[in-house]
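A.B. asks: give me a 3D structure for the following:
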Amino acid sequence: MLNRIIIMGRLVRDPELRTTQSGIPVTSFTLAVDRDFKSRDSGEKSTDFIDVVAWRQTAEFVCKYFTKGRMAVAEGRLQIREWKDRDGNNRRTAEVVADNVYFGDSRRDAEGGGSYSAPPAYGSAPAYGGGYAQPSHEPSGFAEIDDQDGDLPF
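C.D. replies: Predicted coordinates:
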């Protein structure tokens, strides 16, 4: 089975960092995601407001670097959560549980000027960026090919 989702939108409000009773950081925020097509009636694009939940280091990263209006890309899984409201009625909520959150714009775009080099995305991917392996100087089990071997066998 596959449950993977990537959404890009603007934060509706500043995220707030909370912690569970066991001390795990968590934040929830909403992204305003524009649809790619225009309505036949009004000729304008519709917007979906999608709830996102981030845990641990990803939550801390979001709360440290993102503010209302910033463009964000959230990558994770879609989760349907069932709960009861105050009146005892059963309710269902769909939300994205984010594994990674990336900048969708530069700070210059968000603030209207200046120079900025964004830190990498934070989540399950390594902090040194985008899921690529960091170079290591430890033996990897591979040996360099000596150029003086002569002819290659292929």
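
A.B. asks: name the residues of stretch 52-60 that are buried.
C.D. replies: 52-55, 58-60 (16 or more other C-beta atoms under 10 Å). For glycine as for every other residue, the C-beta is placed from the backbone atoms N, C-alpha and C.

A.B. asks: need the strands for this protein, in chain order.
C.D. replies: For the chain, the strands defined by DSSP state E cover 5-11, 18-19, 25-38, 45-55, 71-84, 90-103, 122-123.

A.B. asks: any idea what the nearest residue to residue 31 once chain neighbours are set aside is bridged to?
C.D. replies: Spatially, and ignoring its direct neighbours in sequence, residue 31 is nearest to residue 9 (3.5 Å; C-beta to C-beta, 6 or more residues apart in numbering). For residue 9, the beta-bridge partners are residue 72 (DSSP bridges).

A.B. asks: now swap in the one 10 residues further on and tell me
C.D. replies: According to DSSP bridges, the partner residues bridging residue 19 are residue 25.

A.B. asks: what of residue 103?
C.D. replies: Bridge pairing for residue 103 - DSSP bridges - gives residue 72.

A.B. asks: got the contact list for the residue lying closest to residue 10 once chain neighbours are set aside?
C.D. replies: Nearest non-adjacent residue to residue 10, counting by C-beta to C-beta, 6+ apart: residue 32, 5.0 Å away. The contact partners of residue 32, taken as C-beta atoms under 8 Å, 6 or more residues apart in numbering, are 9-12, 47-49.
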